[in-house]
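Enquirer: Sharing a model that was predicted from the sequence below.
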Amino acid sequence: MSDMNFSIERTRKTPEIKFDASTGRLIIAGRSIPENSIEFYRPVIDWVDGVVAASGADPLRVFVQLEYFNTSSSKSLLDLFKRFEKLSTVEIHWHYDSDDEDMLEAGEDYDHIVEVPFRFIEVEPSA
């Protein structure tokens with residue numbers, strides 16, 4: 001995975017998605033309320049299918065730091081997380097604000113659906 005960095009810049013409606021091959025870290029951060037979530041997440045899913053799945057021995061740590069995501073994004077995130085099931089060494093770090101029970105529950109729902117280990121990380125709410 002050494003030459004396979006990936007990056008999408010954050011906007012008002014879409015999250016930053018960034019993979020650093022040197023650390024094996026994939027970060028998904030911000031708000032996910034795109035007009036068309038399938039279209040927005042397609043390059044990420046294609047990248048995971050083509051690059052990450054081809055080199056499944058590499059450890060991958062996924063850091064999900066979303067403030068909010070809409071229903072259509074939740075389906076696209078599930079599609080993305082399901083692809084990680086093919087990897088032998090992957091872990092999802094699900095960050096949630098200590099006062100955001102809905103975000104914690106969303107992560108717990110994914111944890112029950114997807115055969116990938118989740119770590120839940122409580123953070124203090126941003127101002």
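Expert: Thanks, I have the structure now. Numbering: from 1, shown residues only.
Enquirer: okay, and for this protein, where does confidence drop off?
Expert: Judged by pLDDT under 70, the chain has its weakly predicted residues at 1-3, 51-58, 126-127.
Enquirer: could you say what helices and strands the host helix or strand of residue 109 packs with?
Expert: Using DSSP states H and E, residue 109 maps to helix 101-113. Contacts defined by 3 or more Cβ pairs under 8 Å, 6 or more residues apart in numbering; DSSP states H and E place helix 101-113 against strand 60-69, helix 71-84, strand 90-97, strand 118-123. All C-beta atoms are positioned from the backbone trio N, CA, C, and that covers glycine.
Enquirer: The last one: which residues count as buried?
Expert: By neighbour count on 16 or more other Cβ atoms under 10 Å, the buried set for strand 118-123 is residue 118.
Enquirer: What is the subsequent helix or strand relative to the helix or strand where residue 31 lies?
Expert: Element membership for residue 31 (DSSP H and E) is strand 25-32. Scanning forward in sequence from strand 25-32 by DSSP H and E, the next helix or strand is helix 37-47.
Enquirer: What lies in contact with that following helix?
Expert: 4, 6, 8, 14, 17, 19, 32, 34, 70, 72-73, 75-77, 79-80, 83 (Cβ atoms under 8 Å, 6 or more residues apart in numbering).
Enquirer: can you do 6 Å?
Expert: Residues outside helix 37-47 that contact it (Cβ atoms under 6 Å, 6 or more residues apart in numbering) are 6, 14, 17, 34, 72-73, 76, 80.
Enquirer: Likewise for stretch 86-104?
Expert: By Cβ under 6 Å, 6+ apart, stretch 86-104 touches 53, 56, 59-65, 84, 107, 116-123, 125.
Enquirer: could you redo the helices and strands packed on helix 101-113 as CSV and give each row distance to residue 103?
Expert: Formatted as CSV, those follow (distance: least, Cβ to Cβ, whole Å):
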stretch, distance to residue 103
strand 60-69, 7
helix 71-84, 11
strand 90-97, 4
strand 118-123, 10
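Enquirer: For residue 48, which of these is the nearest?
Expert: Among these, helix 71-84 comes nearest to residue 48, with 4.7 Å by Cβ to Cβ.
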